[in-house]
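**Student:** give me a 3D structure for the following:
(6 chains, ligands or ions: 3)
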Amino acid sequence: MKLIMAVIKPFKLEEVKASLVPIGIEGMTISEVKGFGRQKGQMEIYRGAEYEVSFLPKVKIEISVADEVVDSVIEAIRNAAGTGKIGDGKIFVYSLDSLVRIRTGEKNREAL
Amino acid sequence: MKLIMAVIKPFKLEEVKASLVPIGIEGMTISEVKGFGRQKGQMEIYRGAEYEVSFLPKVKIEISVADEVVDSVIEAIRNAAGTGKIGDGKIFVYSLDSLVRIRTGEKNREAL
Amino acid sequence: MKLIMAVIKPFKLEEVKASLVPIGIEGMTISEVKGFGRQKGQMEIYRGAEYEVSFLPKVKIEISVADEVVDSVIEAIRNAAGTGKIGDGKIFVYSLDSLVRIRTGEKNREAL
Amino acid sequence: MLKIYLQNKIYLRKISCLSALCITFAILLLGPSRVMAGTEISPGDTSWMLTSTLLVLLMTIPGLALFYGGMVRKKNVLSLVMQCFSITCLVSVLWMVAGYSLAFTDGGSLNSYIGGMNKLFLNNLTIDSANGSIPETTFMTFQMTFAIITPALICGAFTDRLKFGAMLLFVGIWVMLVYVPVTHWVWGGGFLGNDGVLDFAGGTVVHINAGVAGLIAAIVLGRRKGYGVENMAPHNLVLSVIGASFLWVGWFGFNAGSALAANKSAGMAMVATQISAAAAGLSWLLIETIKRGKPSVLGIISGAIGGLVAITPAAGFVDPTGALLIGVVSGIGCYWGATGLKHYFGYDDSLDVFGVHGVGGIIGAILTGVFAIETIGGTPGMLEGNFGQVFIQLEGIFITVIYCATVTFLILKIIDITTGLRVDEDSEITGLDLSLHGESIQ
Amino acid sequence: MLKIYLQNKIYLRKISCLSALCITFAILLLGPSRVMAGTEISPGDTSWMLTSTLLVLLMTIPGLALFYGGMVRKKNVLSLVMQCFSITCLVSVLWMVAGYSLAFTDGGSLNSYIGGMNKLFLNNLTIDSANGSIPETTFMTFQMTFAIITPALICGAFTDRLKFGAMLLFVGIWVMLVYVPVTHWVWGGGFLGNDGVLDFAGGTVVHINAGVAGLIAAIVLGRRKGYGVENMAPHNLVLSVIGASFLWVGWFGFNAGSALAANKSAGMAMVATQISAAAAGLSWLLIETIKRGKPSVLGIISGAIGGLVAITPAAGFVDPTGALLIGVVSGIGCYWGATGLKHYFGYDDSLDVFGVHGVGGIIGAILTGVFAIETIGGTPGMLEGNFGQVFIQLEGIFITVIYCATVTFLILKIIDITTGLRVDEDSEITGLDLSLHGESIQ
Amino acid sequence: MLKIYLQNKIYLRKISCLSALCITFAILLLGPSRVMAGTEISPGDTSWMLTSTLLVLLMTIPGLALFYGGMVRKKNVLSLVMQCFSITCLVSVLWMVAGYSLAFTDGGSLNSYIGGMNKLFLNNLTIDSANGSIPETTFMTFQMTFAIITPALICGAFTDRLKFGAMLLFVGIWVMLVYVPVTHWVWGGGFLGNDGVLDFAGGTVVHINAGVAGLIAAIVLGRRKGYGVENMAPHNLVLSVIGASFLWVGWFGFNAGSALAANKSAGMAMVATQISAAAAGLSWLLIETIKRGKPSVLGIISGAIGGLVAITPAAGFVDPTGALLIGVVSGIGCYWGATGLKHYFGYDDSLDVFGVHGVGGIIGAILTGVFAIETIGGTPGMLEGNFGQVFIQLEGIFITVIYCATVTFLILKIIDITTGLRVDEDSEITGLDLSLHGESIQ
Ligand SMILES: Nc1ncnc2c1ncn2[C@@H]1O[C@H](COP(=O)(O)OP(=O)(O)O)[C@@H](O)[C@H]1O
Ligand SMILES: Nc1ncnc2c1ncn2[C@@H]1O[C@H](COP(=O)(O)OP(=O)(O)O)[C@@H](O)[C@H]1O
Ligand SMILES: Nc1ncnc2c1ncn2[C@@H]1O[C@H](COP(=O)(O)OP(=O)(O)O)[C@@H](O)[C@H]1O
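**Tutor:** Ligands and ions are numbered 1, 2, ... in the order given. I've put the predicted structure just below:
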């Protein structure tokens, strides 16, 4: 099993979710994060002074998936989250040693 | 060393914490996240219109542990966080390459 | 590639960021988390009653890096985030299987 | 509904004449204004009117700013309070420059339709001039606060998508071309007042006017991106409750202040206001609980505001029992306006300006004609045998609805063509706080 | 303490008679009401009383709603503002329907205990009737706002766990069976007023009443789930500070308004109010800093409210120095009530309704008897040699405490048996905002 | 600028004499105070003055508390509302104990510089004494609210870094050594008032005083840690908008209340206040849009406050057109004060106390001398040929600036040496809410 973690633009969340359901992803965990990268931040004005907000709001998605669907999930996320503009975000993949569903105690693939 | 990441129902946090201290877990990091899964969301009413809130509040716990205690930690979390109802959450385990305590510079097992 | 995840004191974020730019780190993702550890919590007073706030505000930083810079990044974080007082936080390192830049589709090292 | 109004050919002549008026507006050269009688100033009445003035200002800032601000998504809350605050500034200056004069002085031969230019820049408003038992300065400021809140009410319809500059432009023009004339018609010596339309504190002038303008704005602008799909639930109803509270309390200045004195009429108007608001809050609560299963905070405050809107034209004319009934009916009526009506037609009147102020204002204007009591306000209503009053009230409603709808539509279209109305998609998605004002709340 | 009261056998007869009264309530057939003298209306006095009325309304919405709302956890804040808002609506209607009549008209042969039914639905409240120098309509509305805030105060005791429907039911019955009679006893011509109990603005009628009812409610309902274990620290004290500010400012309407005129008594009452609030804020601050090491925001605002409660019965009777001392004592007394007393007995009076309003009200009622000055309020106090006044004050306290405790207890128990009082555990854990109202703040 | 003032040797003698005065303060034994004439109380005027008093209190709590609180970072918001609330409590008591007497009674031979001690503890303030047509108790409370807001305004300069105890100490001493004497000079029978300085509602006494004290405090304390590097953008401008709204509305009490009656002067003062605030809001909006490209919420509310500050000394002396011009100029002037001036000199006047209140106050004081109209306030200004008035206004400004700067500096330095002014670095980083008060908002 893999855990796919993606950092995307906040307003793309609904689209990403919608693109994952058809390929069988029925669960995910998301969190509000801030990103720092090439994308220039918004300027905020404070009584004439301007601050660059270097950390931009992003959404982090974490999805545990079976090894064989990793590529299609990455593809789906890329298609849904991409705008072609700097700041679209990144997808990180790493291996899970094990996975447990708390309610039932099911393990690994059954717990997906 | 492993990193155990658990997504649980928010109001179970205190119980989970309480169940981990006896088995020697002295530190953890938590964050507020939202979960999407089989559990149906709350309906919110807005001037007669109803919205389903599809992302439900959850709490994510991250704990780094020595390999030999992984099972007992999973067990403890399951017992404390389980309500038997849909939405209890999941536990994810993956391997850490290394671990450092910032204050002392201790590495790996000493840093746990 | 590795993913370096560090939990630090919130007000050290700017310094940590500043110390990473010179060694070539151009992106990172941060989130607000709460930490539980040896550091004693603040007491909050409520009409004469006192509550110990056991979860303290921390900031979590996630950075994907090439294998060869892991050590220098850890070193830089330690120097910038360390205060020598309990609660400075921890650095966790684990391996990434792959990495994708959403905008371009670049993979792994190119996506860093 | 629009069709029905249009079929009332008898009004068409008046309307076209009014439209002509609105175009030739800028070239009006009007005669000398009515001179207010310089009677003795009463400190007691003045005290109450100074207080009423600030109460009505409180209704807009912070009242309406918070009421509306709490209902939008977090990324747009500052843009809403910005709208309310900047409207307050803009209309204050416009009212001083020309609005007051055109609304409340004598327009000579055109007096049925518009006032005169004798008090532009308040130049002939001396410290000694009086209006009844209060200084004319105070009367002017009191009326200024009405001119402020009316366009601010419209904001609820075009929230989250209107450009800031276009908003200021629209409000400036709308106040001069719609609010000022309608005020003159009803209160400034114009034809509606002369025809006997009862509007104690602005049910027609303020609420129907704002409600209709909001409806037109919602239709012209189109829906918010994501409407009906994304969750657009209010981000912080605590703000809305604070706002509703200041609207309620401020409404005492609005209604009881419209007695223009601290007298028994003010006392009775306050009673009516309180009872109608309370009854409407309860009736919305009840119907919502029956139909949705849960009473909501947004529901009870919307109901109370609906009750306040509906009692506005009636406050100085009805007794407590009349107020109770007006409250009950308007709570249910506005519930229907904000849920049934809106969803049926599918326009995105985002914060229900028409659903609450338009519907509530119309209900109130009609029921004023039903429940008016001669011993209280000098005019009997339908229940006391004066059936004609209801028709007079309908005249006021029809004329205002059609005039306001037409001119509002024209103003919006012209702005759309020239500077554009709607922000670009990116700005709408980012939220207006950051994209228009470079600020955000944490 | 309850035991001590009960041993005062001299009161037992009165109590049992009152309990009988409360049961036979619905079948009362009362005589003609007292006719208010129809003197000349003073615009100045009327202006101040219209203002005072809205100030007291401001105390409940948004004052109390925010003061309490900021102190609970984020998941329950909307349920609290909902309680305050819906109580405002409900009690306004009840007061109009029957409350005012039963509290303030002549009850004929039963007048010592309850008023008459002459003004049900305000039917005989004409626009011309006066109360002293103000319209009776205004007096009625002013008193309505007192009837609103009293049950709203109780909300702080049962927050986070009471069903919404049960809350409305409780408040409705409580207002009619407890608030209305006690008001009649003290201000409406009943036996406590006749016995000479001094209560300028409602220390007994409002605060002791609400405080005792809160205590009983906290005991009957039991503690919040997680009390003493989970962190239940206030989620947003900025809201509480806004609320406390409106309580403070609104209290000028409460206290100085209770002069029922804009006269020298109102002026002095405002001075006393301001000084007592300030002194109590400082004295709580000081004792907290000494005992806990840090002055807290919640502390200073609680102290100020305690000082306002304590000066309420005294405002029109004492001089500035008396007010200063009442403030200092009540700040310390309420600190003890909200920390020592509560923790000693272990009940969960969640937001310290008894600790602040009960304790503060009792301190104030007693000290009114001590510090009253004849040249100011017409009655001398203990310091001027009139030792009896303190005992008369104690009579007022005892009777109110026992009557209120008994009837409140009965009402709650009956509701508990019929519809149930407490939400289920899941709803309590989820938070009342979502579970009762389907709403939440972001 | 300081140098220029110091070169005005003609003032040096006065200054040194005042400094001596301030040191020998505690040992003053003053003669009998002026007896206020005991005329008839007017209910109408009293009603308005009771209302004005509570309006000015509203300006501090919650007005200023929220206006400032919304502008700081989330970790310091409670410390700011705590400062405003505790200053309210502290100054109320100090004013009652000695402030009122020293400011507003006759100081005998020293009367040009300071009042007497006849009304310490308000002992000789009877319920019957009057000030013009209102009770003296009400005059005293009205003035108390001015004494409260002035030091509260200074909080904006030293926010995020001053110890709580040191803040209370500073405020207590500053009120007695700076606010009380300056008030006496201008309004209490002292030399500035006698010299003919026009200050209708406190442009000099309140705003220049607070602005200068803020500037000195910012310089003595040094910058906030991270100033210019970290993002210190306002955490919640919705709070600031609520605060600005209450400041605006409360300012009607401040300015129109300073007529001390509900008369035509109050009416005109309210007009001037409204127009200046609105015009200044718009002029800041405009210049900001031109220079930065985006109109900001913080900008328009800052502008409106600047316009309110500037109209304060002028409110009872100018006509609507004068008010409009004062508004336009002050909006631009305060924009420069809060952006250009501050950044040029590099001090961290965190929330622009000097930039808005100092600069706005000076602009207003000068323009009062320019635009004053004889038929309105009894004194002609420069435009009516009275060129001397501008110089008299400058005298008032110079003396206040130098006296206030000197004494404020001394007080701060003495506190710094004894108890210390600034919190330690850890507390500053953690935020004052948690470190000083053990509380935080969620
Ligand atoms: N090395 C990294 N480690 C972790 N997160 C990163 C890294 N680089 C970028 N990110 C995340 O990806 C987001 C987008 O990156 P950015 O460089 O702005 O645009 P793009 O990826 O389109 O070139 C950032 O805001 C940040 O959250
Ligand atoms: N594939 C997944 N990847 C990551 N998180 C998941 C995944 N599936 C479920 N979750 C998390 O677990 C939570 C509970 O899942 P849900 O399907 O609602 O209930 P259950 O696990 O009891 O069947 C979700 O809210 C989500 O946060
Ligand atoms: N086992 C752990 N797993 C995950 N996070 C941990 C663990 N132990 C500590 N932490 C994180 O590190 C922070 C600092 O730990 P603490 O024990 O307080 O101080 P120190 O690391 O300096 O000894 C904690 O607040 C928590 O966020």
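**Student:** could you list the low-pLDDT ranges of chain D?
**Tutor:** Along chain D, the model assigns pLDDT under 70 to residues D:1-39.
**Student:** show me which helix runs longest in the chain.
**Tutor:** Using chain A. helix A:70-81 (DSSP state H).
**Student:** let me rephrase: I mean chain D.
**Tutor:** Chain D, longest helix under DSSP H: helix D:388-418.
**Student:** same for that helix, what does it pack against?
**Tutor:** Judged by 3 or more CB pairs under 8 Å, 6 or more residues apart in numbering or on different chains; DSSP states H and E, helix D:388-418 is in contact with helix D:2-7, helix D:9-23, helix D:164-174, helix D:180-187, helix D:191-195, helix D:209-221, helix D:359-371. Every C-beta, even on glycine, is put in place using the N, C-alpha and C of the backbone.
**Student:** which SSE is immediately downstream of the longest helix of chain A?
**Tutor:** strand A:90-95 (DSSP states H and E).
**Student:** now that next one: mean pLDDT?
**Tutor:** Averaged across strand A:90-95, pLDDT comes to 96.
**Student:** can you list the strands that it pairs with?
**Tutor:** strand A:2-8 (antiparallel), strand C:98-101 (antiparallel) (DSSP bridges).
**Student:** what about residue 58, neighbour count?
**Tutor:** Picked chain A for this. 26 (other CB atoms under 10 Å in any protein chain shown).
**Student:** look at chain D instead
**Tutor:** D:Leu58 has 23 nearby residues by other CB under 10 Å.
**Student:** contacts only, for it.
**Tutor:** D:246, D:249-250, D:253, F:245, F:249 (CB atoms under 8 Å, 6 or more residues apart in numbering or on different chains).
**Student:** the helix or strand following the longest helix of chain D near chain F anywhere?
**Tutor:** The element immediately downstream of helix D:388-418 (helix or strand, assigned by DSSP H and E) is helix D:425-430. No: applying CB under 8 Å from any CB of the partner chain, one finds helix D:425-430 separated from chain F by no less than 11.5 Å.
**Student:** quick one on the thing from earlier: what's the most distant pair in the contacts of D:Leu58?
**Tutor:** D:Gly253 and F:Ser245 (14.7 Å; CB to CB).
**Student:** find the nearest non-adjacent residue to D:Ser112, please.
**Tutor:** Of all residues not flanking D:Ser112 in the chain, D:Phe191 sits nearest, at 4.3 Å (CB to CB, 6 or more residues apart in numbering or on different chains).
**Student:** what about the residue in chain A that ligand 3 sits nearest to, how many residues nearby?
**Tutor:** Residue nearest to ligand 3 within chain A (CB to the nearest ligand atom): A:Ser31, separated by 15.5 Å. Residues lying near A:Ser31 (other CB under 10 Å) number 20.
**Student:** which non-adjacent residue is nearest it?
**Tutor:** For A:Ser31, the closest residue by CB to CB, 6+ apart turns out to be B:Val33, at 4.3 Å.
**Student:** how about D:Pro135?
**Tutor:** F:Gly267 (3.5 Å).
**Student:** and the one you found, how many neighbours does it have?
**Tutor:** Using other CB under 10 Å: F:Gly267 sits among 27 other residues.
**Student:** and it, how far from D:Val91?
**Tutor:** Distance, F:Gly267 to D:Val91, using CB to CB, to the nearest Å: 20 Å.
**Student:** just send the helices and strands packed on helix D:388-418 back as TSV, with mean neighbour count and distance to ligand 1 too.
**Tutor:** TSV is the format used below for these (neighbours: other CB atoms under 10 Å in any protein chain shown; distance: least, CB to the nearest ligand atom, whole Å):
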stretch	mean neighbour count	distance to ligand 1
helix D:2-7	10	49
helix D:9-23	14	52
helix D:164-174	20	28
helix D:180-187	26	51
helix D:191-195	17	59
helix D:209-221	27	33
helix D:359-371	28	47
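**Student:** can I get the ones you listed in TSV including distance to D:Gln274?
**Tutor:** Putting the helices and strands packed on helix D:388-418 into TSV (distance: least, CB to CB, whole Å) gives the following:
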stretch	distance to D:Gln274
helix D:2-7	34
helix D:9-23	36
helix D:164-174	31
helix D:180-187	24
helix D:191-195	27
helix D:209-221	23
helix D:359-371	15
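**Student:** list, one by one, the residues from the stretch 1-150 of chain D near ligand 1.
**Tutor:** Counting by CB under 6 Å from any ligand atom, no residue of the stretch 1-150 of chain D lies close to ligand 1.
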